[in-house]
Each structure stands twice: as C-alpha cells, then as structure tokens.
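Asker: predicted model and sequence below, questions to follow.
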Amino acid sequence: MKLPVPATSHQTVPPIDVEVLFSRCMGNVSFALALLDELEISGNRLLEEIVLHTESDAVQEAAEAAHSLKGATAIIGAESVRELSAKIEAAGRAGESSLLLDMVHELRAEMDRCLTYIPTLRTDLQRRSSPAR
C-alpha cells in the first residue's frame, strides 16, 4: 500500500508564502515587490557563492553566504530556502563539508522554485493593490 505524500511537502507548498510576505510588509505592496526584486537580484548571486565556496571546501565562507540568503528569504516567507540555508550555515560553521554538497543541490532546486514563482506572486500582490471594481 502506497502512502500519500504529506501536504507539507516542499513540492506541494508554494515556495513563498504570500501571507507571510504581505504581513511582514505591513500590507505595503510596493515594499513587498521591492523585496522580491531584491531576491531576484541577490538570490542567485548568493547561491553561486555558496556553491563556489562549497566546491572549494571553504566551508566558513559558504556559511557566511548561506547566512545572508537565510535572512533574505526569511523576510519574504520563503521557508524552504530559509530552512536549507540555515542547515548549510550550521554545517559550514561546524566544518561539516561532507554534508554541504547534497544540501547545496537541494538548495539550488528550491531557489529555482522561488525565482520561478516570483512572477506569479508579483501578479497576486499587484491584484491586492488594485482598487476593487
């Protein structure tokens, strides 16, 4: 008998929680959109830093970049990326380089989901700011 996949699986939950983002921005759509723009600009750069440092066994530097990505994604409600970034940060600070590579691959997949989802989220936020007709 095959058990169903839990509803909390990363693949079934949107990568960014719009309600969390909207709440943290106190309903300010322009601010929420600016945060999403910033993640689009800095997210891949931070991810590439994590990858580069992991591949070169510079685990402390990977931890620093993961810390930055963790903060950026926590603000917008991208919980799966925040969680993976926190794990990478902890492993890097502990010098556990053997754990990093697998986590980095998972982080890349989740970051791709986030960045792919941003246009949909942007549309949703813009609808919230449009006056009702």
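Answerer: Good, I have the coordinates.
Asker: CA atoms for contacts and neighbours, from now on please.
Answerer: Fine.
Asker: and whichever strand or helix holds residue 46, average pLDDT?
Answerer: For residue 46, the host element (DSSP states H and E) is helix 29-55. This predicted structure assigns helix 29-55 an average pLDDT of 95.
Asker: tell me the first helix or strand C-terminal of it.
Answerer: Remark: after helix 29-55, the chain's next helix or strand is helix 59-76, criterion DSSP H and E.
Asker: which elements pack onto the helix or strand following that following helix?
Answerer: The first helix or strand that comes after helix 59-76 along the chain, using DSSP H and E, is helix 79-93. Of the remaining helices and strands, those touching helix 79-93 by 3 or more C-alpha pairs under 8 Å, 6 or more residues apart in numbering; DSSP states H and E are helix 59-76, helix 97-129.
Asker: could you give me the buried positions within the helix holding residue 46?
Answerer: 29, 32-33, 35-36, 39-40, 43-44, 46-51, 53-54 (16 or more other C-alpha atoms under 10 Å).
Asker: which strands and helices lie in contact with it?
Answerer: If you count contacts as 3+ C-alpha pairs under 8 Å, 6+ apart, helix 29-55 packs onto helix 18-24, helix 59-76, helix 97-129.
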